[in-house]
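A.B. asks: quick one, fold the following:
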Amino acid sequence: MAEDPPLLDVEVQAEGLDGLVRRLREEEDGAALRKELAKNLREELKPAAALAKSGIMAMSSAGPGTSPALRSSIAKRIKPEVKLGGRWTGARVKSRKIPGIRGFANAPKRTQAKGGWRTQSWGNGTWRTQTGRVDWFDRAMDGRLNAYRKACLKAMEAMAARIAGRG
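C.D. replies: Residues are numbered from 1 along each chain as shown. Presented below is the predicted three-dimensional model:
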């Protein structure tokens, strides 16, 4: 089964990542080196994921304590992701769909939309528009992209230095 596309993501592009991945493949233990590079890149993006999680948790909740909780369910699905090969090579923070939460799979996308989302009121069946916190995901990373780019470059340079040291 194909993986659902991400709803929200922030990518960090770094020059030379494709070349570094090619060089890793040429190494004798390239799989272990790729795994370590991916781990290091994910570690560098964890602060960005934490900021995005705090962004959704800061959204107000005026409704009754229904279960499962929408904000915490969205926060659990925000993760840093690294792919080294395939259709794209890069590192990003993204929030995935949450299909099991009250039939509201697109919650990460809708809760940050300026126009809100339509929902049916309990009991009387009338429709109403709810609004979340506008751009909670994007605002969490505003002004910090260069810091995350530098952190990813640092992880790449450390791996490149390790490879060069072998040679």
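
A.B. asks: secondary structure element holding the residue sitting furthest away from the middle of the chain?
C.D. replies: Computed with C-alpha atoms, centre = their mean, the residue of the chain farthest from its C-alpha average is N124, at 37.2 Å. Using DSSP states H and E, N124 falls within no helix or strand.

A.B. asks: with the one 5 residues further on instead?
C.D. replies: T129 belongs to strand 127-130 when elements are defined using DSSP H and E.

A.B. asks: list the buried residues of whichever helix or strand comes after that strand.
C.D. replies: Sequence order places helix 136-141 as the next helix or strand after strand 127-130, per DSSP H and E. Buried residues in helix 136-141, counted by 16 or more other C-beta atoms under 10 Å: W136, F137, A140, M141. C-beta here means a position set from N, CA and C on the backbone, and glycine is covered the same way.

A.B. asks: tell me what helix 136-141 is packed against?
C.D. replies: Counting contacts by 3 or more C-beta pairs under 8 Å, 6 or more residues apart in numbering; DSSP states H and E, helix 136-141 is packed against strand 8-12, helix 30-57.

A.B. asks: that older thread, please tabulate the buried residues of helix 136-141 in TSV and include distance to S54 and pLDDT as additional columns.
C.D. replies: Formatted as TSV, the buried residues of helix 136-141 follow (distance: C-beta to C-beta, whole Å; pLDDT from 0 to 100):
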residue	distance to S54	pLDDT
W136	9	87
F137	11	87
A140	7	82
M141	12	82
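
A.B. asks: residues contacting the residue lying closest to R96 once chain neighbours are set aside?
C.D. replies: Spatial nearest neighbour of R96, excluding adjacent residues (C-beta to C-beta, 6 or more residues apart in numbering): R77 at 4.6 Å. By C-beta atoms under 8 Å, 6 or more residues apart in numbering, the contact set of R77 is S95, R96, K97, I98, P108.
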